[in-house]
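# what follows is a predicted structure for the sequence shown.
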Amino acid sequence: MWASMVMTIVAAAFVAVAAAQAADDPAAPPPTTPPAQGAQKEPAPPPSVTVIGARDAHGILGREVRSAANENMGRIVDVIVDREGTVRAAVIDFGGFLGVGSRKIVVDWNALHFGKVANKSDSITLELTKEQVSAAPEYKEDTPLIVLGAAGSLHPWQYDH
């Protein structure tokens, strides 16, 4: 599977390079619409390609979160980023049973530990207790976020009112 994925990525990179070279070929047919005001349109550069090993990175949405005392804290249902795209927090669907009676809590990204995420069955550890998370206010979309952070790791966000 790894070899076929790498071959697909390499083939896509070659197609992109070939397309860019064909755009520079003077023998190529003219474009169907003339360029605006006589300017030549530059071909887009080929995209960069990064290969990440299957054991080196994993998705986290839906992943179980547990406390350091191995208590079930819920599942990650969303990731919060700031305007620059920096990951700041995770939304955890906390409490309840089989989705009934649960509520969403926002926790600081630095309060999560991803030491064991090699398999989908591995959980993420939250540096907070069940009591601390239980006392946190519920996350509501389009309202200011109240982010529960681990001791000493909470950093204020600048936001518009």
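Looks like it arrived, so ask away. Keep in mind that this is a model prediction, so the values were computed, not measured.
# so where do the strands sit in the protein?
All strands of the chain, identified by DSSP state E, fall at 64-67, 72-81, 87-94, 103-108, 112-113, 124-126, 147-148.
# dump these to a markdown table, plus mean pLDDT and mean neighbour count.
Where you see a C-beta, it was placed from the backbone N, CA and C, and this is true even at glycine. Formatted as a markdown table, those follow (pLDDT from 0 to 100; neighbours: other CB atoms under 10 Å):
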| stretch | mean pLDDT | mean neighbour count |
| --- | --- | --- |
| strand 64-67 | 91 | 18 |
| strand 72-81 | 93 | 17 |
| strand 87-94 | 94 | 21 |
| strand 103-108 | 94 | 21 |
| strand 112-113 | 92 | 17 |
| strand 124-126 | 91 | 22 |
| strand 147-148 | 88 | 20 |
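# wait, which of those is closest to Val51?
Nearest of the strands of the chain to Val51, taken as CB to CB: strand 87-94 at 21.9 Å.
# tell me what the closest one is packed against?
strand 72-81, strand 103-108, helix 130-134 (3 or more CB pairs under 8 Å, 6 or more residues apart in numbering; DSSP states H and E).
# can you list the strands of the chain in a markdown table and add distance to Ile52?
Output for those, formatted as a markdown table (distance: least, CB to CB, whole Å):
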| stretch | distance to Ile52 |
| --- | --- |
| strand 64-67 | 22 |
| strand 72-81 | 18 |
| strand 87-94 | 17 |
| strand 103-108 | 25 |
| strand 112-113 | 20 |
| strand 124-126 | 18 |
| strand 147-148 | 28 |
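# which one of the helices and strands packed on strand 87-94 lies nearest to Leu145?
strand 103-108 (5.3 Å).
# other SSEs contacting that closest one?
Looks like strand 103-108 contacts strand 72-81, strand 87-94, strand 147-148 (3+ CB pairs under 8 Å, 6+ apart).
# which residues sit against the longest one?
Applying CB atoms under 8 Å, 6 or more residues apart in numbering, the external contacts of strand 72-81 come out as 60-67, 87-95, 102, 104-106, 124, 126, 128, 130, 133, 145, 147.
# hang on, the earlier thing: got the helices and strands packed on strand 103-108 as JSON lines, with distance to Thr50 columns?
Shown next, in JSON lines, are those (distance: least, CB to CB, whole Å):
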{"stretch": "strand 72-81", "distance to Thr50": "20"}
{"stretch": "strand 87-94", "distance to Thr50": "18"}
{"stretch": "strand 147-148", "distance to Thr50": "30"}
